[in-house]
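**Q** Model the following, please.
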Amino acid sequence: MWIIGLILAVVGIGLVVGSIVAASRTKRFLATAQEARAEVIGMHVSSGTQSSRAYFPVLRYRTQKGATHEVTSSVGSNPPRYKEGDSVVILYEPANPTNVRIHTFSNVWLVPMILGGIGGIFILVGGVLAAVMR
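**A** Modelled structure (predicted):
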């Protein structure tokens with residue numbers, strides 16, 4: 001049984017490493033990102049049953065240089081968090097203006113937080129199992 005604890009701990013370490021990598025990428029993005037106001041012009045709906053669908057806002061915004069872009073957010077929800085016509089603050093990468101995140105704490109930091117949280121739990125449970133079952 002201790003081997004299961006060891007496996008959980010190793011998987012947890014991998015998740016924590018993934019969290020650190022994701023946080024590093026997010027910090028690099030934030031270091032160069034520009035802020036803009038975007039309009040929600042529609043929704044991209046993922047396929048699936050009504051309860052498993054996710055609604056991804058389609059955004060139109062103008063860069064500081066005046067170029068207009070339309071992008072679909074990489075973060076969706078069910079029920080939809082935004083509706084057509086809503087105005088949201090976004091962050092975009094000037095060198096790659098299709099790399100956009102709606103400027104909320106969860107949209108910016110969700111992936112590192114989830115990976116780190118689950119990884120920490122796996123390490124804790126795996127460590128306890130490995131120690132107790134030895």
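**Q** Start and end of stretch 84-104, how far apart?
**A** In stretch 84-104, first residue to last residue: 18 Å (CA to CA, to the nearest Å).
**Q** quick one: buried residues of that stretch?
**A** Val88, Ile90, Leu91, Tyr92, Glu93, Pro97, Val100, Arg101, Ile102, His103 (16 or more other CB atoms under 10 Å). To be clear about C-beta, it is placed using only N, CA and C from the backbone, and glycine gets the same treatment.
**Q** Which of those residues sits closest to Leu30?
**A** Leu91 (7.2 Å; CB to CB).
**Q** residues in contact with the longest strand seen in the chain?
**A** When the chain is parsed with DSSP state E, its longest strand is strand 34-45. For strand 34-45, contacts defined as CB atoms under 8 Å, 6 or more residues apart in numbering pick out 53-64, 70, 72, 76, 80, 82-94, 100, 102-103.
**Q** Return the subset of the residues you listed lying in helices.
**A** Among the contacts of strand 34-45, no residue falls in helices (DSSP state H).
**Q** partners of the longest strand of the chain in the sheet?
**A** Using DSSP bridges, strand 34-45 pairs in its sheet with strand 55-62 (antiparallel), strand 87-93 (antiparallel).
**Q** could you dump those to CSV with distance to Gly127 and mean pLDDT?
**A** Output for the strands paired with strand 34-45, formatted as CSV (distance: least, CB to CB, whole Å; pLDDT from 0 to 100):
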stretch, distance to Gly127, mean pLDDT
strand 55-62, 38, 95
strand 87-93, 37, 96
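**Q** Specify the beta-bridge partners of the residue nearest to Asn99 when sequence neighbours are not counted.
**A** With CB to CB, 6 or more residues apart in numbering as the criterion, Asn99 has its nearest non-adjacent residue at 4.1 Å, and that residue is Glu93. Taking DSSP bridges as the rule, Glu93 bridges to Asn96.
**Q** Now do the same contact list for Glu93.
**A** The neighbours of Glu93, taking CB under 8 Å, 6+ apart as the test, are Phe29, Thr32, Ala33, Gln34, Asn99, Val100.
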